[in-house]
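Asks: This is a predicted model, with the sequence first.
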Amino acid sequence: MPITPATATHSPSNGTADAILLELVDENGVTIGTAEKLSAHQPPGRLHRAFSVFLFDARGRLLLQQRALGKYHSPGVWSNTCCGHPYPGEAPFAAAARRTYEELGVSPTLLAEAGTVRYNHPDPASGLVEQEYNHLFVGLVQSGLRPDEAEVGDTAFVTPAELAERHAKDTFSSWFMTVLDAARPAVRELTGPSAGW
């Protein structure tokens, strides 16, 4: 991936969760400061900027990601294609494209804004809290995936029926249904009514 001003100036030097800074925001999504990643997720949580990406293949199937077992937050659970946090001063769109490439080794052929959603989801397993102002993106993926094993345990393309079946038996991230439901209007516009989203 090419180095951009955002990745060059905001990349953490050692990659540890507490060294990464997040943007704190108010209820309207206006930046009010920064906080270290881990401290922003400790109870009761501090409202911060995040993003969630939903990519679909040519058949209208959603790309799911299983988070790697080594992740400190929500390891091993299934979730949307990609999610994360912009660096302070980085545009959410740029962050979404950057992290999709870093985690999955693929650049979307199309990526469009799909609104925002604000939520507060405690994670009982880790004791951490997702207190987020989340920017949503939907898009298409056409090339093969090259997942980073440190970030991604597995991937799967699913239809709505396959997602319902998987959601009933597997563990998903605490935020997954919230962000999917918020993104559904844009998903339907992208995939068309026949896809069933």
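Replies: Yep, it's here. Residues are numbered from 1 along each chain as shown.

Asks: Please spell out which residues along stretch 187-196 are buried.
Replies: By neighbour count on 16 or more other C-beta atoms under 10 Å, the buried set for stretch 187-196 is 187, 190-191, 195. Where you see a C-beta, it was placed from the backbone N, CA and C, and this is true even at glycine.

Asks: Dihedrals phi and psi, residue 36?
Replies: Main-chain torsions, residue 36, degrees, to the nearest 10: phi -70, psi 150.

Asks: That one reaches residue 23, doesn't it?
Replies: No. Counting by C-beta atoms under 8 Å, residue 36 stays clear of residue 23, with 12.0 Å between them.

Asks: So for the two, which residue has more residues nearby?
Replies: residue 23 (24 against 15; other C-beta atoms under 10 Å).

Asks: Report the distance from the helix or strand where residue 165 lies to the chain centre.
Replies: Residue 165 is located in helix 160-169, with elements delineated by DSSP states H and E. Chain-centre distance of helix 160-169: 19 Å, with C-alpha atoms, centre = their mean, to the nearest Å.

Asks: Can you tell me what sits against the next helix or strand after it?
Replies: Remark: after helix 160-169, the chain's next helix or strand is helix 176-191, criterion DSSP H and E. Applying C-beta atoms under 8 Å, 6 or more residues apart in numbering, the contact partners of helix 176-191 are 52, 54, 56, 60, 62, 78-80, 83, 110, 112-117, 119, 121, 134, 136, 138-140, 167, 195, 197.

Asks: Show me how to select, in ChimeraX, the buried members of those residues.
Replies: In ChimeraX syntax, the buried subset of the contacts of helix 176-191 is picked out as below (16+ other C-beta under 10 Å):
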select :52,54,56,60,62,78,79,80,83,114,116,117,119,121,134,136,138,139,140,167,195,197
